[in-house]
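K.L.:
Pasting the sequence and the predicted model now:
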Amino acid sequence: MGHVVLLGDSIFENSAYVKSQPSVLEPLRRALPAGWPATLAAVDGVAHSRSVLSSRVWTKARHTCS
């Protein structure tokens, strides 16, 4: 089983910009094979440091995979 984690900014966390349309995460989840989770670790409008991204990914992955 795989696990897709989206890292970045508003290119992935685009829910505020698409309003009534699906965000990037929704169609991605539908397109993935059964059992594959997709985790959004992107933050709109934030310039990420490596440590911030690492912390967010670890926290999201730990909760998703446990």
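P.N.:
Cool, got the structure.
K.L.:
show me where pLDDT drops low in this structure?
P.N.:
When residues are selected by pLDDT under 70, those of the chain lie in 45-66.
K.L.:
How many residues are close by the residue lying closest to Ser15 once chain neighbours are set aside?
P.N.:
Once flanking residues are discounted, Ser15 sits nearest to Ser23: 4.2 Å by C-beta to C-beta, 6 or more residues apart in numbering. C-beta: built from backbone N, CA, C; applies to glycine. By other C-beta atoms under 10 Å, 16 other residues sit near Ser23.
K.L.:
wait, what's in contact with Ser23?
P.N.:
Ser23 sits next to Glu13, Asn14, Ser15 when contact means C-beta atoms under 8 Å, 6 or more residues apart in numbering.
K.L.:
if I look at the second one, how far off is Gly35?
P.N.:
Spelled out, it's Asn14. The spacing between Asn14 and Gly35, counted by C-beta to C-beta, to the nearest Å, is 25 Å.
K.L.:
neighbour-wise, which of the two wins?
P.N.:
Asn14 (16 against 8).
K.L.:
pretty sure the more buried one is in contact with Glu26, am I right?
P.N.:
No - using C-beta atoms under 8 Å, Asn14 is not in contact with Glu26, being 10.6 Å away.
K.L.:
Would you mind measuring from Leu7 to Ala38?
P.N.:
Applying C-beta to C-beta to Leu7 and Ala38 gives a distance of 12 Å.
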